[in-house]
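# My questions concern the predicted model and sequence given below.
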Amino acid sequence: MSVSVLSLTRPLGSISGLLQVVSLLGLVLLLLKAVQLYLRRQWLLRALQEFPSSPHHWLFGHYRELQKDQELKQLQIWAEKFPRACTLWLWGSRANLLVYDPDYMKVILGRSDPKNHDVYRYLVPWIGYGLLLLNGQTWFQHRRMLTPAFHFNILKPYVRIMADSVQVMLDRWEELVSQDSHLEIFEHISVMTLDTIMKCAFSQPGNAQTDRNSQFYIQAIDDVKKLFCSRVRNFFYQNNIIYWLTPEGRRNHQACQVAHQHTDQVIKLRKVHLQEQEELEKVGRKKHLDFLDILLFARMKDGSPLSDKDLRAEVDTFMFEGHDTTASGISWILYALAAHPEHQERCRKEIQSLLGDGTSITWDHLDQMPYTTMCIKEALRLYPPVPQVSRKLSKPITFPDGRSLPKGVIVSLSIYALHHNPKVWPNPEVFDPSRFAPGSDIHSHAFLPFSGGSRNCIGKHFAMNELKVAVALTLLRFELVADSSRVPIPIPEIVLKSNNGIHLQLRKLL
């Protein structure tokens, strides 16, 4: 009996000792992590000491002030209170310099600092390392490779495609308003811009506005954006292992899978078409290369083609940026015009005198609507499609007022706060298209709806053309009236959206 008891107590004693060792190691690691976070916080306090900060909690930072539907209003308050920039604490050991001054913007965007990987890494499972997330020489190679896809000779024929897609959407609106004149427009516009990008950049046949797979893709992108914002705000979701074990992590994975299936199908169909195109070229028939053609024919410095992973990353990136940011821009522009009927009517008269019934809008027309363009720019000022970008300083920086930052600090460029900064734009909440009248004295970095510097939006001319086409054709078909019972609440979800949708009353013009 005693031997049996002894044989049992030895393993139990070993297990107990092992648990004690594991617990001790866990405690040591926890203490080391606490010391690391403390030292990081002390470094940030020194690095950002020249820049003011509103009172914040030592652990949760400014989390309370940055609740989802209040974040943009809080940024405006800080922009008015603190000149040029202020410190934004996310939690105890993470802080950014929040910038909303054009001189500061110019200095930062004139450099080649990388994107802030601490945040942008959460987008990698979705869009991979395409043009948006790449840095350094690889980014430069891809940017140079893709620039020809946006030459004006390529963009010219796209105007007709854009117009056709817009007309399909407007026909649908005409059917819907015969039943109810109130409409949530963002979802319709998002499908329309996806249809446009599929036809222009990827030469896809068919109509994405009636394709169920396109609806699934758009819903997946919407889910990914919401989940991204949720993850950024949650301290416990920063660790990949923990995050992917949570229900939100699994939903994110599923949404990314849906998005990838969509882009993989686009690439597959294009490869088949190019094989057929090669046969046509043998008999002397050639066509211009669209965005996807350029990717498929591209060669890196060593002569190798883009890997399947890199190819999909670029397609995922441009498909998102080419439809979602543009949909945001069009939706907010139409809302701004609905809320300011006097400017809407002036735009309509300008467009009617230029286009008549609008059935034959062309590339040349786009530069002949000055007042409409002024209104578009003023709406983009009030509602920038991409409200913020961020950089991680790769070397020290000194700003024009003499304040400086060391290498390693995260700088968040708040385009929304810049556009609403009363020191840059007097009466910033007033819709005033005359700010963009010819000859207006605007700082080169006061208006950045497409960012700025070498990393500005590669598709900005494509997007601006689509904005003009969509606004012009919509105003020829409908009078837009804001729904006073459902005023949109702007929120930043990678792109600027409304927390309660963008609802307009549409009145068919005779």
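Arrived safely, thanks for sending.
# Please go through this protein and pick out the longest helix.
Ranked by residue count and defined by DSSP state H, the top helix of the chain is helix 2-47.
# contacts for the helix or strand following that helix?
Secondary structure here is assigned by DSSP states H and E; on that basis, the next helix or strand after helix 2-47 toward the C-terminus is helix 71-81. Contacts of helix 71-81 with the rest of the structure, by C-beta atoms under 8 Å, 6 or more residues apart in numbering, involve 54, 62, 65-66, 86, 88, 98, 100, 387, 414, 416-418, 420-423, 428, 490-492. C-beta here means a position set from N, CA and C on the backbone, and glycine is covered the same way.
# Please pick the buried ones from those residues.
Buried members of the contacts of helix 71-81, counted by 16 or more other C-beta atoms under 10 Å: 62, 65-66, 86, 88, 98, 100, 387, 414, 416-418, 420-421, 428, 490-492.
# Could you list which of the residues you listed belong to strands?
Among those, the subset assigned to strands under DSSP state E consists of 86, 88, 98, 414, 490-492.
# Turn those residues into CSV, columns for distance to residue 155.
Rendered in CSV, the data for those read as follows (distance: C-beta to C-beta, whole Å):
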residue, distance to residue 155
86, 40
88, 38
98, 35
414, 30
490, 29
491, 31
492, 29
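# In a markdown table: those residues, plus pLDDT.
Compiled in a markdown table, these are given as follows (pLDDT from 0 to 100):
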| residue | pLDDT |
| --- | --- |
| 86 | 97 |
| 88 | 95 |
| 98 | 97 |
| 414 | 97 |
| 490 | 95 |
| 491 | 94 |
| 492 | 92 |
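# tell me which of the residues you listed is nearest to residue 505?
For residue 505, the closest of these turns out to be residue 490, at 20.0 Å, with distances computed as C-beta to C-beta.
# residues touching residue 444, list them.
Counting by C-beta under 8 Å, 6+ apart, residue 444 makes contact with 102, 106, 452.
# Would you tell me what helix or strand it is located in?
Per DSSP H and E, there is no helix or strand for residue 444.
# Poorly predicted segments of the stretch 101-250 of the chain, please.
Applying pLDDT under 70 to the stretch 101-250 of the chain flags residues 179.
# Kindly recompute the last result at 90.
Under the criterion of pLDDT under 90, the regions of the stretch 101-250 of the chain flagged as low confidence span 117-119, 145, 148-149, 151-154, 177-182, 202-215, 232-236, 238-239.
# What ranges does it have for its strands?
With DSSP state E, counting those that start in this stretch, the ranges of strands along the stretch 101-250 of the chain come out as 182-184.
# ok, which stretches of it are helices?
For the stretch 101-250 of the chain, applying DSSP state H, counting those that start in this stretch gives helices covering 102-109, 117-120, 124-127, 136-146, 152-155, 158-177, 186-200, 212-233, 240-244, 247-282.
# Highest mean neighbour count out of those?
Highest mean neighbour count of the helices of the stretch 101-250 of the chain: helix 186-200, a mean of 24 (counted as mean count of other C-beta atoms under 10 Å).
# which other helices and strands contact that one?
With contacts defined as 3 or more C-beta pairs under 8 Å, 6 or more residues apart in numbering; DSSP states H and E, the secondary structure elements packing on helix 186-200 are helix 158-177, helix 212-233, helix 308-320, helix 326-339, helix 460-477.
# can you redo those helices as JSON lines with distance to residue 294?
As requested, the helices and strands packed on helix 186-200 are arranged in JSON lines below (distance: least, C-beta to C-beta, whole Å):
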{"stretch": "helix 158-177", "distance to residue 294": "15"}
{"stretch": "helix 212-233", "distance to residue 294": "22"}
{"stretch": "helix 308-320", "distance to residue 294": "10"}
{"stretch": "helix 326-339", "distance to residue 294": "20"}
{"stretch": "helix 460-477", "distance to residue 294": "14"}
